[in-house]
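Participant: Using only what follows, build the 3D model:
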Amino acid sequence: MEDNTQDENNVEFNSRIDLTKLQESVAKVKAELGKVIIGQQEMIELLIVSILANGHSLIEGVPGVAKTVTAKLLAKTMNVDFSRIQFTPDLMPSDILGTSIFNVKTSEFEFKKGPIFSNIVLIDEINRAPAKTQAALFEAMAERQITIDGNEFQMQPPFLVFATQNPIEQEGTYRLPEAQLDRFLFKINVHYPTLEEEIQILENKHQQKNTNVEALIDSVLSAEQIAAYQLVIKDIIVEDNLLKYIAAIVNNTRTNANLYLGASPRASIAILDASKAVAAINGRDFITPDDIKKVVGPILGHRIILTPEREMEGYTAEKMISDLIQTIEIPR
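Facilitator: Okay, the predicted model is just below:
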């Protein structure tokens with residue numbers, strides 16, 4: 001009897017989905033970024049999750065905390081097309097989408113594609129462009145296509161937008177509307193490095209001297225691999241009680257007296273997809289409540305609006321979400 005019990009305890013869990021290659025690729029990407037980026041593990045982790053979940057990310061933080069550099073180097077770890085667009089107040093929609101140009105030889109108009117036609121698009125200071133230019137991104141981000149002069153142009157997969165913005169400076173900026181924010185899977189808040197991390201940053205900078213940091217990064221992922229991993233993520237197993245858990249969290253934002261605006265079903269789907277990616281990165285073919293808790297903050301933070309009374313009391317969206325999760329019973 002004792003031997004049988006011992007055998008049962010020694011049974012190893014075998015994943016029903018082979019996640020070995022996915023985990024190896026994620027480890028390689030982190031290793032490449034680790035050559036240059038010190039700290040900011042949460043930002044890197046969430047950006048990788050957004051790639052696997054096929055979602056866009058908004059990166060918010062004060063100037064100088066490696067928002068743009070991290071996104072740019074992450075794109076370099078992938079062997080895909082990359083374009084960077086610096087948003088400015090005078091930027092027009094045609095500057096990013098493209099425009100039709102008259103060809104004298106053929107006597108016809110030809111569409112010249114803009115920088116948005118890429119695989120990884122880094123939009124720097126997205127809130128510096130006016131509403132007209134911001135709105136030009138709606139269709140591309142939501143439907144991965146662009147309609148120009150009645151013609152539809154499909155974006156080649158993978159198509160991901162990483163956008164940065166500075167939350168402090170308000171002069172010369174245009175606040176992103178809720179409809180625009182909702183297109184982003186994550187809003188990632190980037191904080192200052194710790195004292196130890198800053199010392200390491202200075203040591204690395206001193207040792208690298210004039211080295212081009214981009215040259216240190218190698219491409220370790222192909223477009224085909226990304227597409228394959230995104231399909232694997234969809235097969236991650238989710239129990240019914242966890243689907244109800246996600247729905248309960250999002251539904252609570254709509255009935256919560258502290259909130260003026262709650263989250264939509266798009267947020268529920270985002271939590272589901274991101275949780276699957278987190279589980280896969282950790283080598284599991286099923287999600288757990290902890291996977292859900294890990295992504296709820298970055299997903300709901302930019303989708304809810306506090307009541308004016310709560311804002312005046314100094315309440316924050318982060319605190320609201322933390323309190324909200326505590327009130328929802330965790331599935332067993």
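Participant: Just give me the residue closest to the centre of the protein.
Facilitator: residue 57 (3.1 Å; CA atoms, centre = their mean).
Participant: Show me the shaky parts of the chain.
Facilitator: Scanning the chain for pLDDT under 70 picks out 1-15.
Participant: Just list the residues touching residue 314, thanks.
Facilitator: Under the criterion of CB atoms under 8 Å, 6 or more residues apart in numbering, residue 314 has no neighbours. All C-beta atoms are positioned from the backbone trio N, CA, C, and that covers glycine.
Participant: How about residue 146?
Facilitator: Residues near residue 146 by CB under 8 Å, 6+ apart: 97, 98, 116, 117, 139, 140, 152, 153, 155.
Participant: what's it sitting at in phi/psi?
Facilitator: Dihedral pair for residue 146: phi -130, psi 140, per degrees, to the nearest 10.
Participant: And it, how far from residue 227?
Facilitator: Taking CB to CB, to the nearest Å as the measure, residue 146 falls 20 Å from residue 227.
Participant: got the contact list for stretch 295-306?
Facilitator: Identification of contacts with stretch 295-306 by CB under 8 Å, 6+ apart yields 46, 49, 58, 178, 181-182, 184-189, 249-250, 253, 258-264, 267, 270-271, 274-275, 278, 315-318, 320-322, 325.
Participant: redo that, cut-off 6 Å
Facilitator: Stretch 295-306 has contacts (CB atoms under 6 Å, 6 or more residues apart in numbering) with 46, 181, 186-188, 253, 259-261, 263, 267, 270-271, 274-275, 315, 317, 321.
Participant: filter the contacts of residue 146 to the buried ones?
Facilitator: 97, 98, 116, 117, 139, 140, 155 (16 or more other CB atoms under 10 Å).
Participant: Leaving out chain neighbours, which residue sits closest to the third one?
Facilitator: Excluding its sequence neighbours, the residue lying closest to residue 116 (CB to CB, 6 or more residues apart in numbering) is residue 96, at 4.9 Å.
Participant: three-state assignment of the one you found?
Facilitator: Assigned by DSSP: H, G, I helix; E, B strand; the rest coil, the conformation of residue 96 is helix.
Participant: what's it in contact with, if anything?
Facilitator: Per CB under 6 Å, 6+ apart, neighbours of residue 96: 85, 114, 116.
Participant: From the residues you listed, pick the one nearest residue 104.
Facilitator: Proximity of these to residue 104 was ranked by CB to CB; the top entry is residue 114 with 21.6 Å.
Participant: which strand residues sit across from the residue nearest to that closest one when sequence neighbours are not counted in the sheet?
Facilitator: Spatial nearest neighbour of residue 114, excluding adjacent residues (CB to CB, 6+ apart): residue 98 at 3.7 Å. Beta-bridge partners for residue 98, by DSSP bridges, are residue 113.
Participant: Was I right to think residue 98 contacts residue 110?
Facilitator: No - using CB atoms under 6 Å, residue 98 makes no contact with residue 110, being 10.3 Å away.
Participant: Please, where are all the helices along the stretch 1-150 of the chain?
Facilitator: 2-9, 20-34, 41-52, 67-76, 93-97, 131-135, 138-143 (DSSP state H, counting those that start in this stretch).
Participant: Please dump these into a markdown table; it should also carry distance to residue 169 for every row.
Facilitator: Shown next, in a markdown table, are these (distance: least, CB to CB, whole Å):
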| stretch | distance to residue 169 |
| --- | --- |
| helix 2-9 | 58 |
| helix 20-34 | 27 |
| helix 41-52 | 20 |
| helix 67-76 | 14 |
| helix 93-97 | 22 |
| helix 131-135 | 17 |
| helix 138-143 | 24 |
